[in-house]
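Q: can you look at this prediction? I've put the sequence above it.
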Amino acid sequence: MDDIPLAHPAYAVFVRSTHSNAAIDGIDCTAALEMAGVLGVYTAAELKADGLGSLPTIGRLKNRDGTRQALPEYPVLADAEVSYVGQPLAMVVADTLVCALDAAEAVFVQYEERNCVAQLDSALAPGAPAVHVDATDNLCLDWATGDEHATQWAFAAATHVSSIELGTNRVIASPMETRGAIGEYEPGSERYTLRVSSQGVHKLQQLIAEHVLHIPAQQLRVLTPDVGGGFGPKIFVYPEYPAVLWAARQTGRAVKWVASRSEAFLADTHARDHRARLELAFDSEARILALRMAGEANLGAVLSTYGSYIPTLAGTGMLTGLYDIPTLHIEVKCVFTNTVPIDAYRGAGKPECNFALERAMDHAARELGLSPWELRRRNLVKTSAMPYRTALGFEFDSGDFESNLEQVMRLSRVEEFEQRRAASETEGKLRGIGCSAYFENTAGYEEEHASLHVLANGDVVVRIGTQSNGQGHETTYAQIVAERLGLRVEQIRVEQGDSEALVQGHGTGGSRSLVMGGAAVLHATELVEEKMSQIAAHMLEAAAVDVSFADGRFIIQGTDRGLGFAQVAARAYQAARLPPGLTPGLWEHGVGMPCPASYPNGVHVCEVEVDPDTGLVRLVGYSIVDDFGTLINPLIVEGQVHGGTAQGIGQALLEHCVFEAATGQLLSGSFMDYCLPRADDLPAFEVQFNSTPCKSNVLGAKGCGEAGTIAAPAAVINALVDALAPVGVTFLAVPATPETVWRAISAVQTTQAGTADGRH
Ligand code: MCN
């Protein structure tokens, strides 16, 4: 974003709240406005006077008593009050970035501070300060799903009930390129252009035009150039986007804003911050009879675009895991706190739920005296039971869960683990192995669009409504076209990120792109091929039914007479030489139609070595077996698995957003305090595929983009608990930093020492 050349741009800098909960008694912009080079200093008052709306949330749900969830206003610029540190409350626009930064410092805000709630615990405490006046108990949504009565009965009939309470640490996605936006306005046509680092232009176009600017969507063009990583948070509508558009209209200049890294820590949505109590009911054979989960999810101060949808509908659907769980009941309370808004990040609710389930499986195995492998084996859904419908209504049409487990156990050499553990022991180290199975539901519900244009020289331009952020779509879509049309991949150009070049699209998120976008591309390719067959038949003076297409040639069946792809493409543009009734040109619009979701699934196995004196954890082995159905590009898929797993490992061991309880200040607001995993924190991953084609989409594919992030945290912590069990540690909070691990070991040692000398 920062490199886009602009003629005479202006720069926007946002003045952000320094308090987590305060009334704004006044904003004095006088000094800033007097500074040379300042074009304007704007507050909510100006935006409101011009009729700008608030930011939308589309993930709206009902409370379990049927009432509507709380929907507090999410203003572009804070008006009478601020509810988290970092909330934008004024925008300075100036000739240069330095000038805008200086002027922002000169904006004086008069706050009336209030007590805040910065954590789930304090927000839910009786009499806690309210984040919003219309949600005095700080409860945004009290949601439930599943069959409460059947679940109660199953628990009553159980021979063993196992329960675990755990939390998932709050994290921030941290893409390599921070967010940025450039607003432009053309007074003659009254049209806006937004260039933005996003995960899909059409959704932003529709939401900003409809909800904030109150203009027809066609009056706003959204462009997204190459994106340096998205991971979820670049899907959403943020205050800065309509603000720079509006400022462009006020100033007559292109207005640019690019977040600094420090700013990103406060301006991007955060993720996770969930806690749960999960119970499993077992029969005498250790088969699961039912599952019960009561969870609490932090949403931050305001509802971001998907808000409460993520910890509820989006995440909990996979709580049955790969297991045959006849019934379950889930409750989730979504809670407001005076912190940065929380929304989807790679996995979108599923990493939290998978962590709870897979940690609970290990915990239960220990209680039942079974190995974690055996407990899982007994409960996996059998291939012979497919199509299999989970208790929450998802239908697995394919998959071989038992062989996933067997394959990953071979790959990670589970049989020889005890020898490796003994070898570590001789060096004073603790070694552990742990696994995590997972499935998720990807794609299916929203259609996707593509256009395919064959040029007169036979080269192809594909336009697609998804948005690659680093997933390699330019390669995989080109592969689909190249394979079908017998072309070289280099002959195909894939274009994305222009709301005007393609009428509709649904962007990238939820590992939907290949299943939906790939289907759209394939559809457009088939339509083009059909038309070219008619042209070729005309050129060959044969009946269309006698012409077949293979390896890039149209051939009269049973003869050696045929035409190359480029010859037919050239003819398509010669109107006078086409068969009657055919319009010149080769352009088709393809749609990937809604279809049942795909269910990627697999098992991760992690092996760790712990230094008990320092708590330092080293990952010494990491094996993965995944089923992503048909693979278009195995190399890209493996890269996706590596990246996703790295983020899951970061969640388990290193990354942690910490807010000061008393003030709501973000304490981990830089990479000096927030630890992203680096290459030397990660092991070499061994990845194998156990592909069973998905039956519900034309490509047979299952999405792969989030799998690693969902599965990894439980695999790592299960391995760590396995390593520490011999010294008496049975539970670890996340992230399991060296300090956390060291304290857990020390606490057990202190207790044991106390017991030994009779103090306890
Ligand atoms: N693919 C394949 N065969 C399959 C499945 C996928 O060849 N059976 C290929 C696809 O063609 C695509 C890639 O693998 O090139 C990922 O495809 P898919 O699973 O459809 O996921 P998306 O492309 O929709 O990516 C979304 C997913 C999500 S939700 C996040 S968040 C995420 C992720 O992927 N953000 C990423 N991976 C990321 N990788 C990078 N580098 N940067 C991000 O921001």
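A: Yes, it's here.

Q: list the buried residues in the one helix or strand in the chain whose mean pLDDT sits lowest.
A: One helix or strand of the chain scores below all others by mean pLDDT, DSSP states H and E: helix 738-756, with a mean of 88. Neighbour-count burial for helix 738-756, counted by 16 or more other C-beta atoms under 10 Å, picks out 740, 741, 742, 744, 745. For every residue, glycine as well, the C-beta is placed using N, CA and C.

Q: now do it: which elements does it pack against?
A: Under the contact definition 3 or more C-beta pairs under 8 Å, 6 or more residues apart in numbering; DSSP states H and E, helix 738-756 sits against strand 616-627, helix 707-724.

Q: which of the ones you listed sits most buried?
A: helix 707-724 (a mean of 29; mean count of other C-beta atoms under 10 Å).

Q: now check the lengthiest helix in the chain, is it near the ligand?
A: What stands out as the longest helix in the chain, according to DSSP state H, is helix 519-540. No. No part of helix 519-540 sits close enough to the ligand to count as contact by C-beta under 6 Å from any ligand atom; the gap is at least 10.1 Å.

Q: by contact count, what packs against the helix or strand that that helix is followed by?
A: With elements assigned by DSSP states H and E, the helix or strand that comes after helix 519-540 is strand 547-550. In this structure, strand 547-550 packs against helix 519-540, strand 553-556, with contacts taken as 3+ C-beta pairs under 8 Å, 6+ apart.

Q: report the buried residues of the last one.
A: Spelled out, it's strand 553-556. The neighbour-count check on strand 553-556 (16+ other C-beta under 10 Å) flags 554, 555, 556 as buried.

Q: roughly how far apart are residue 539 and the ligand?
A: For residue 539, the distance to the ligand equals 35 Å [C-beta to the nearest ligand atom, to the nearest Å].

Q: residues from the stretch 151-300 of the chain in reach of the ligand?
A: So the stretch 151-300 of the chain meets the ligand at 229, 230, 231, 232 (C-beta under 6 Å from any ligand atom).

Q: quick one: secondary structure of the first one?
A: Read it as residue 229. Here residue 229 is recorded as coil under DSSP: H, G, I helix; E, B strand; the rest coil.

Q: pretty sure residue 551 sits against residue 486.
A: Yes. Counting by C-beta atoms under 8 Å, residue 551 sits close enough to residue 486 to count as a contact (4.7 Å).

Q: ok, those two, which is more surrounded?
A: Ranked by neighbour count (other C-beta atoms under 10 Å), residue 551 and residue 486 place residue 486 first, with 13 against 9.

Q: now do the same contact list for the nearest residue to that one once chain neighbours are set aside.
A: Excluding the flanking residues, the one nearest residue 486 by C-beta to C-beta, 6 or more residues apart in numbering is residue 552, at 2.6 Å. Neighbour list for residue 552: 485, 486, 487, 564, 565 [criterion: C-beta atoms under 8 Å, 6 or more residues apart in numbering].

Q: as a markdown table, the helices and strands packed on strand 547-550 with distance to residue 463 and mean pLDDT would be great.
A: Shown next, in a markdown table, are these (distance: least, C-beta to C-beta, whole Å; pLDDT from 0 to 100):
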| stretch | distance to residue 463 | mean pLDDT |
| --- | --- | --- |
| helix 519-540 | 9 | 97 |
| strand 553-556 | 25 | 96 |
